[in-house]
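Engineer: Sequence first, then the predicted structure:
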Amino acid sequence: MKKTLSIILTLVMIFSIPAFGAEQDIVEIAVGSEDFTVLVAALQKAELVGALQGEGPFTVFAPTDAAFVKLLGELGITAQQLLDHPQLSEVLLYHVVSGKVMSTDLSNGMTAPTLNGESITVDLTDGVKINQSNVVTADIEATNGVIHVIDTVLVPAGFKLEVLPETVVDIALSNDDFSILVAALQKAELVGALQGEGPFTVFAPTNEAFAKLLTALDITAEDLLSQPDLAKVLLYHVVSGKVMSTDLADGMTAPTLNGETIKFDLTSGVKVNTSSVVLADLEAENGVIHVIDTVLVPANFTYRAAEEQVEIPATGVSGLNILIALSIISLLGYILVPKKQLQ
């Protein structure tokens, strides 16, 4: 009896096709439904609206707002954090299959590659499931494909939950190994700039990297922080844009915010000039940090030794009064002392 009821519900679901669907494309159907507000916002954020308004055809497994709420609860994040996730596009494309696949085309155990690159699996043993998600409404036809509504967001295997730090500065502040770098940024008044919208790519020297530089220059950390060209050194570690390690190529160069250029060497690990990258791709919402083992020193940096301060004697009122008094005494002595008479 239970199996019969399941079959009946499946047939009802399959043939419950909204009348308005065939007159609209996939995106227009989603926009016109109050159940897809999060999905529409995600498509807009990932800049996939235009793609899904294309000729297609596409088969979209569309999660409802309730499905997204369930996912957010499981991940412990907000809708905004999901929309800001760097893999948002990958998640959405995991819900799209090329071609128009109607419910009648499905078979138990069949798989289909998605536009994400990973495959989904169909299970018809108890209703219709895509992976672990139930199809709650099938075959909503559009002018460029078909929508099947699902009750659970499909999460690809490559998805990694990561609530990113707000800025690259926050990454540095949270790591004791960047204490000298943070002090230098504060001294050079660059903290606010690197907390901006960005994005920035920062090659961040560790404390050990700074210690190596201090030894080479035979100076203290305080001497380095007092250098007039400190900002030039720091900006030589920053590139505009978000450059991930996968974006690098051997021999490529990149202009820094200092104005000079750095060069990448991938022949043995990853090097920036002569500095090795020891940890890559620490992402923040406004950029990325790559940790390096040697401070990058730009050609336009000039080390200046601390100049000795020469004390200048005070020339205040008291000193002037003494000078006047001595002048008056000398004058009186000249007047009062009798001069010898010439014989």
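Structural biologist: Done, it's in.
Engineer: how about residue 156, what does it touch?
Structural biologist: 90, 91, 94, 114, 116, 118 (C-beta atoms under 8 Å, 6 or more residues apart in numbering). Glycine gets a C-beta too; all of them are placed from N, C-alpha and C.
Engineer: Ignoring the adjacent residues along the chain, who's closest to the first one?
Structural biologist: The shortest distance from residue 90 to any residue that is not its chain neighbour, by C-beta to C-beta, 6 or more residues apart in numbering, is 5.3 Å, and that residue is residue 116.
Engineer: and that neighbour, how many neighbours does it have?
Structural biologist: 22 (other C-beta atoms under 10 Å).
Engineer: Pull up the gap between it and residue 266, please.
Structural biologist: According to C-beta to C-beta, to the nearest Å, residue 116 and residue 266 sit 28 Å apart.
Engineer: Can you pull out the residues in contact with stretch 35-51?
Structural biologist: By C-beta under 8 Å, 6+ apart, the list of residues contacting stretch 35-51 reads 27, 30-31, 52, 62-66, 68-69, 79, 82-84, 88-89, 91-93, 149.
Engineer: Of the contacts of residue 156, which belong to helices?
Structural biologist: 90, 91 (DSSP state H).
Engineer: Which of the contacts of residue 156 ranks first by neighbour count?
Structural biologist: Neighbour tally across the contacts of residue 156 (other C-beta under 10 Å): the maximum, 25 neighbours, falls on residue 94.
Engineer: correct me, but it touches residue 119?
Structural biologist: No - Residue 94 lies out of contact with residue 119 (C-beta atoms under 8 Å); the separation is 9.5 Å.
Engineer: what's the closest non-adjacent residue to residue 228?
Structural biologist: Residue 228's closest residue in space is residue 304 (C-beta to C-beta, 6+ apart), at 6.3 Å.
Engineer: my read: that neighbour touches residue 227, true?
Structural biologist: Yes - judged on C-beta under 8 Å, residue 304 makes contact with residue 227 at a distance of 6.5 Å.
Engineer: Between the two, which is the more surrounded one?
Structural biologist: residue 227 (21 against 11).
Engineer: contacting residues for that one?
Structural biologist: 233, 303, 304.
Engineer: what about it, distance to residue 220?
Structural biologist: 11 Å.
Engineer: Now find how far off-centre stretch 75-93 is within its chain.
Structural biologist: Taking the mean of its C-alpha atoms, stretch 75-93 sits 14 Å from the chain's own mean (C-alpha atoms, centre = their mean, to the nearest Å).
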